[in-house]
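A.B. asks: sequence and predicted structure are below.
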Amino acid sequence: MSNADILKWDTKYRSSEAIVSIEPEQELLEYASILPQSGQALDLACGLGKNALFLAQRGFDVTAIDGSDQGLGKLRDSARAHGLAHQIKTRQADLDQYSLDEAYFDLILVVRYLNRDLFSGIVSALKPGGTLIYKTFNRNILKQRPGFNPAYTIETIELVEAFPSLEIFSDNRGDTQSEYAFMIGKK
């Protein structure tokens, strides 16, 4: 993640319009029954941290990592306001230069972030039996947002193929309309 990218996100999150939502990604709600019930969770590229808050409310100890210190600051404020500060640890990091702890997390969540160089590290960071939920932009986003950087998109099938050692529970390979590639798998 370049300094320019970090500055862009800091500027966006500094805005008074950047409000931490308490409504998580739909997939977290939809697949809640197959997620671990507690443990160590990682929200990678967490942004403002709405998913980290949801996971903490469910009993996880959450590590929320992002490049934007502004976004993480808003997450810390929201965690305090919801009585979850003790369950959420934030870490500002350049994810292009970041190494994940091996076999540490029961659940890893990645939403709207793509760094193919982290794929093997993500799998290594999962404990045996750990769950990965990954949702990122696929090529369809280019139809709706032609200026979107194609380097931040993935073929839907490519996402599933990137994690061959995981048992895939659900994915959206057959959805040709969605602007997201999505999968949930277990180590």
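C.D. replies: Yep, that arrived.
A.B. asks: which phi and psi values does Ala45 adopt?
C.D. replies: Here is the backbone geometry of Ala45 (degrees, to the nearest 10): phi 60, psi 60.
A.B. asks: relative to Arg14, how far out is the residue nearest to it when sequence neighbours are not counted?
C.D. replies: Spatial nearest neighbour of Ala45, chain neighbours left out: Tyr113 (3.4 Å); criterion: C-beta to C-beta, 6 or more residues apart in numbering. Any C-beta I mention is one placed from the backbone N, CA and C, and that applies to glycine too. According to C-beta to C-beta, to the nearest Å, Tyr113 and Arg14 sit 20 Å apart.
A.B. asks: of these two, who's got more company?
C.D. replies: Tyr113 (19 against 15; other C-beta atoms under 10 Å).
A.B. asks: does that one belong to a helix, a strand or coil?
C.D. replies: What DSSP: H, G, I helix; E, B strand; the rest coil gives for Tyr113 is coil.
A.B. asks: contacts only, for it.
C.D. replies: 44-45, 95, 136 (C-beta atoms under 8 Å, 6 or more residues apart in numbering).
A.B. asks: rerun at 7 Å
C.D. replies: 44-45, 136 (C-beta atoms under 7 Å, 6 or more residues apart in numbering).
A.B. asks: what does Val62 give?
C.D. replies: Contacts of Val62 by C-beta under 7 Å, 6+ apart are 41, 43, 52, 55-56, 87-88.
A.B. asks: ranking those by neighbours, who comes first?
C.D. replies: Ala52 (32 neighbours).
A.B. asks: show me where the chain has its helices.
C.D. replies: For the chain, the helices defined by DSSP state H cover 3-14, 26-30, 50-57, 69-81, 119-125, 141-144, 156-161.
A.B. asks: out of those helices, nearest to Thr176?
C.D. replies: Taking C-beta to C-beta, helix 156-161 is the member of those nearest to Thr176, at 8.4 Å.
A.B. asks: for the closest one, buried residues please.
C.D. replies: Of the residues in helix 156-161, 156, 159-160 count as buried by neighbour count, 16 or more other C-beta atoms under 10 Å.
A.B. asks: do stretch 165-181 as well
C.D. replies: 166, 171-173, 179-181.
A.B. asks: same check, this time on stretch 81-98
C.D. replies: Of the residues in stretch 81-98, 84-85, 87-88, 90, 93, 95, 98 count as buried by neighbour count, 16+ other C-beta under 10 Å.
A.B. asks: again with stretch 34-52
C.D. replies: Neighbour counts over stretch 34-52 (16+ other C-beta under 10 Å) mark 35-36, 39-52 as buried.
A.B. asks: what bridges to the residue minimising distance to the centre of the chain?
C.D. replies: Computing the C-alpha centroid of the chain and ranking residues by C-alpha atoms, centre = their mean puts Val110 first, at 2.2 Å. Val110 forms beta bridges with Leu44, Tyr134, as assigned by DSSP bridges.
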